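>>> Below is the sequence, then the predicted model.
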Amino acid sequence: MTGADPGLFTPDSVTWQLHGDPMMWIAGIRALYLQALHPRAVRGVMQNSDFRRDAWGRLMRTAHFVGTTTYGTTEAAERAGARVRKIHRMLTATDPDTGERYGVDEPDLLLWVHCAEIGSYLHVLRGSGFRLTDAEADRYIAEHRQSARLVGLEPGAVPADRAELAAYFEKVLPELAAGPEAREVDDFLLHPPTHPLLVPVRDLLWRRVAQLAYASLPPYAHELYGRPAPAPATAARQLRLTGLLLRRIPARLRWQLPPKHILRAMARLGPDARPAPYKLGR
C-alpha cells in the first residue's frame with residue numbers, strides 16, 4: 001500500500017523476517033531463564049508482580065510489545081515504548097541483603113534484559129535452522145538498538161554486533177547467580193499452575209518446551225541453575241527438529257493467533273510485506 005507507514009524496522013529488515021518465525025516462543029522462554037540469573041533484574045520482576053499468577057500474561061505482554069515494535073506503525077511502536085518507560089519509572093526493588101532500594105529502570109538492568117532477549121532470539125532461531133549469515137546476524141543485533149531506545153537505553157551504549165554482544169555477556173557473567181527468585185522462575189517454568197485435568201497435557205507438551213528452552217542456554221547458565229542439560233549436540237538436534245516441525249504449520253494459520261500483528265502489517269503494507277526467510281540476502 002503506497003505511502004503506508006512501514007514502522008521502525010520495515011519489511012527490508014532482518015528483524016521483520018526473523019520475528020515471524022514460530023521458534024520465537026521457545027526463544028522467549030530461554031530469555032526468561034537467562035534474565036532470571038541477574039539477581040537485581042529478576043528482583044524487579046518478582047517484587048512488582050505476582051509472577052506465578054500472571055506469568056503467562058507477562059509472556060504475552062512481552063510478545064505483544066515485540067510484535068507491535070516489529071510490525072506496527074512508528075506511532076504504535078513509540079507509544080508502546082513510552083508506556084513501558086512510564087511503568088518502569090514508577091517501580092523499585094529492594095535488595096534483601098543490604099536494604100538498598102533501586103529503580104527497575106537502571107540502565108544496567110535494562111541492558112541485561114535487552115541483551116538476554118536479543119541473544120536468545122538469535123541463538124534459538126539460528127540453532128533451529130533459520131538461515132542467517134554472520135553479517136545478517138550482526139545487522140539484527142544492530143537493528144535492535146531501536147528497541148533498546150524504546151525501553152529507555154542510549155542506543156550507543158548497546159551492543160551492535162555479535163562480538164560486542166559476546167563481550168557484554170563475558171563482562172556481566174560475575175554478576176550472575178541463581179538466587180531464590182531464579183529458582184522460583186525455574187520451578188514455575190517447569191510446573192506452571194494449571195487445571196488438574198490439564199496436568200497430563202502440561203507434562204507432555206509444556207514441559208518439553210521449557211526443557212528445550214533450558215537445554216539451549218549457555219553452559220554457565222546450566223552450571224548456575226545446577227540442573228543437568230542434554231549434551232550440546234543433543235540440544236542442537238532437538239532445536240533443529242522442533243524448528244522443522246513448527247515451520248510445517250502454515251504461516252497464515254500461525255499468524256491468526258491474537259493479536260495478529262503480522263496480518264495487520266500485511267493489510268497495511270500489502271502482501272509483499274509478508275515475512276519470509278528467503279527474502280534475506282536479496
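Okay, I see it.
>>> What segments of this protein are strands?
Under the criterion DSSP state E, strands of the chain are mapped to 92-94, 101-103.
>>> Run through the helices of the stretch 101-250 of the chain in chain order.
107-127, 134-143, 145-150, 162-172, 180-190, 199-201, 207-215, 219-225, 232-246 (DSSP state H, counting those that start in this stretch).
>>> shaky segments in the stretch 51-200 of the chain?
51-56, 195, 197-199 (pLDDT under 70).
>>> Of all the helices of the stretch 101-250 of the chain, which one is nearest Trp25?
helix 207-215 (7.5 Å; C-beta to C-beta). Every C-beta, even on glycine, is put in place using the N, C-alpha and C of the backbone.
>>> so what does the closest one touch, helix or strand wise?
Contacts defined by 3 or more C-beta pairs under 8 Å, 6 or more residues apart in numbering; DSSP states H and E place helix 207-215 against helix 24-35, helix 180-190, helix 232-246.
>>> most packed of those?
Compared across these, helix 24-35 shows the largest average neighbour count, a mean of 22 (mean count of other C-beta atoms under 10 Å).
>>> And the average pLDDT for that one is what?
Averaged across helix 24-35, the pLDDT comes to 95.
>>> So what touches it?
Under the criterion C-beta atoms under 8 Å, 6 or more residues apart in numbering, residues 18, 41-42, 45, 59, 62-63, 66, 112-113, 116-117, 119-121, 123-125, 128, 185-186, 189, 209-210, 212-214, 216-217, 221, 225, 239, 242 lie in contact with helix 24-35.
>>> Could I have the ChimeraX command that selects the buried members from these?
Only the buried entries of the contacts of helix 24-35 go into this ChimeraX selection, using 16 or more other C-beta atoms under 10 Å:
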select :18,41,42,45,63,66,112,113,116,117,119,120,121,123,124,125,128,185,186,189,210,212,213,214,216,217,221,225,239,242
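>>> quick revisit: dump the strands of the chain to TSV, plus mean neighbour count and distance to Leu37.
Formatted as TSV, the strands of the chain follow (neighbours: other C-beta atoms under 10 Å; distance: least, C-beta to C-beta, whole Å):
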stretch	mean neighbour count	distance to Leu37
strand 92-94	17	16
strand 101-103	12	18
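>>> Quick one: closest of the ones you listed to Val201.
Among those, strand 92-94 sits nearest to Val201 (C-beta to C-beta), with 34.7 Å.
>>> elements contacting that closest one?
Checking 3+ C-beta pairs under 8 Å, 6+ apart, strand 92-94 ends up next to helix 39-46, strand 101-103.
>>> how near is the residue nearest to Leu224 when sequence neighbours are not counted to Val209?
Residue nearest to Leu224 in three dimensions, not counting chain neighbours: Ala178, with 4.4 Å by C-beta to C-beta, 6 or more residues apart in numbering. Distance of Ala178 to Val209, computed by C-beta to C-beta, to the nearest Å: 21 Å.
>>> Can you give me the separation between Asp186 and Gln35?
Taking C-beta to C-beta, one finds Asp186 at 12 Å from Gln35.
>>> What of Leu8?
23 Å.
>>> can you check Phe9 too?
On the measure of C-beta to C-beta, Phe9 and Gln35 end up 22 Å apart.
>>> cool, and Asp50?
Per C-beta to C-beta, Asp50 is found 17 Å from Gln35.
>>> what do you get for Ala82?
Ala82 is 22 Å from Gln35, where distance means C-beta to C-beta.
>>> what do you get for Leu111?
For Leu111, the distance to Gln35 - C-beta to C-beta - is 12 Å.
>>> do the same with Leu269
Taking C-beta to C-beta, one finds Leu269 at 32 Å from Gln35.
>>> same deal with Gly67?
19 Å.
>>> nearest spatial neighbour of Ala63, skipping sequence neighbours?
Nearest to Ala63 is Gly28, by C-beta to C-beta, 6+ apart, at 6.7 Å.
>>> would TSV of the helices and strands packed on strand 92-94 with distance to Ala167 be doable?
Below are these laid out as TSV (distance: least, C-beta to C-beta, whole Å):
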stretch	distance to Ala167
helix 39-46	19
strand 101-103	25
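>>> Relative to Leu253, which of these is closest?
Of these, nearest to Leu253 by C-beta to C-beta is helix 39-46, at 32.4 Å.
>>> That's all I had, so thanks and see you.
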